[in-house]
Every structure is written in structure tokens, then in C-alpha cells.
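Student: okay, structure incoming, though there's no sequence with it:
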């Protein structure tokens, strides 16, 4: 139903955004690990070395709980990427203009936005949401300025009613 390859999907806006979210969560987890180690283990060792094992065990328990929390999100992002990679051939290809910006409650605090695109699918015109891949902050991989009112090509997942942006077309 479309002309894309697995490499096109791996290089897509959708796939790369989720991949960057996984990396961001891993960085946050690393920062939390270092900070909690300094806060929990170092003071215990500095005051009384005979309780270093208690401080280390406390830190390990905190890190296990934190890793499970962050891990749930990382697994969710990874599974969505795998869904796209494994099923992209089944999705219909569409070319649209990203001109209807929206922001959801969950993404508003991070400044992330998604687009509502209008596609003609199976003889009817429907509105479909993209993922909130875009932001105006300095660290965003995909900025609103680069994509707003631009023409993109993407894939429509009819089962999940989602539009996956593959790439910009034209300038």
C-alpha cells in the first residue's frame, strides 16, 4: 500500500522521535541514579562506614523502583516503534500539510504539539492525529518552525486511527 522501506521508517520523524524519547528517559534515569547515590550512600559512608551496606541497599531499592517507573515508558515507546516497523507495509500512504496544530493536556507542560491532519481514506475525508513529535524548545529534535505549514508524507494506521509522519516533501 506504500512505497517505503524499513530504512525509511527507521529514519522517519515518528520513529526518531520515539527513539529520542527513550534516550531522554535513559539520561534522566542516569542523573537520578547519580544524584540519589550522592544523597543516600555518600553521607552514610562519610558518617559511619559500618553502615555502608545499608546505604547501598537503600539506594538499590530506590533505583529499582525508579527504573521500573521509567522502564514502563521506555518499553511503551519501543513497542510503538516496533509496531510501526513491523506493520508499516499495511498502512496507506498520504501526503498532507501540517497546518492544524494542537496541544494535549499531557504534552502542554513540555511544550510539545501534535497536528490534526485531514486525509481522504476509502472515499471519505477524516481527521487524524499525529504524535506530539514537535516542540518549540531549544532541545527539540523536530521543531514547530521546521514543520508548521509544511507538506509531509506519512502513513495512516486504520486500526489505531493514527497518522505517522515519515518525512517532509519539497522544501
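Tutor: Looks like it arrived, so ask away. Note that the structure is a prediction, hence the values are computed from the model and not measured.
Student: check contacts around residue 62.
Tutor: By CB atoms under 8 Å, 6 or more residues apart in numbering, residue 62 lies in contact with 36, 40. Every C-beta, even on glycine, is put in place using the N, C-alpha and C of the backbone.
Student: in the helix or strand hosting it, what counts as buried?
Tutor: Using DSSP states H and E, the element containing residue 62 is helix 52-87. Residues 55, 59, 62, 63, 74, 77, 80, 81, 84 are the ones in helix 52-87 that count as buried (16 or more other CB atoms under 10 Å).
Student: go through the residues you listed and name the one nearest residue 40.
Tutor: Nearest to residue 40 among the buried residues of helix 52-87 is residue 59, at 4.6 Å by CB to CB.
Student: the buried residues of helix 52-87 into CSV, with extra columns for pLDDT?
Tutor: Output for those, formatted as CSV (pLDDT from 0 to 100):
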residue, pLDDT
55, 79
59, 88
62, 88
63, 93
74, 97
77, 96
80, 97
81, 97
84, 97
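Student: let me have those residues in CSV, adding distance to residue 29 as columns.
Tutor: Shown next, in CSV, are these (distance: CB to CB, whole Å):
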residue, distance to residue 29
55, 20
59, 14
62, 12
63, 8
74, 9
77, 13
80, 19
81, 19
84, 24
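Student: from those, which is closest to residue 137?
Tutor: The closest of these to residue 137 turns out to be residue 77 (CB to CB; 18.9 Å).
Student: the closest residue to that closest one other than its chain neighbours and residue 32: what is the separation?
Tutor: Nearest residue to residue 77 in three dimensions, chain neighbours excluded: residue 18, at 4.5 Å (CB to CB, 6 or more residues apart in numbering). From residue 18 across to residue 32, the span is 21 Å (CB to CB, to the nearest Å).
Student: show me what the host helix or strand of the residue nearest to residue 77 is in contact with.
Tutor: Using DSSP H and E, residue 18 sits within helix 13-36. For helix 13-36, the surrounding residues in contact (CB under 8 Å, 6+ apart) are 9, 59, 62-63, 66-67, 70, 73-74, 77-78, 80-81, 84-85, 130-131, 133, 141-142, 147, 152, 154, 164-167.
Student: next, the buried residues of that helix.
Tutor: 13, 14, 15, 17, 18, 20, 21, 22, 25, 29, 32.
Student: pull the longest strand from the protein.
Tutor: Ranked by residue count and defined by DSSP state E, the top strand of the chain is strand 112-121.
Student: hang on, the earlier thing: report the separation between the residue nearest to residue 77 and residue 153.
Tutor: Per CB to CB, residue 18 is found 18 Å from residue 153.
Student: by mean pLDDT, which helix or strand of this structure comes out lowest?
Tutor: For the chain, using mean pLDDT, DSSP states H and E, the weakest element among its helices and strands is helix 105-108, scoring a mean of 55.
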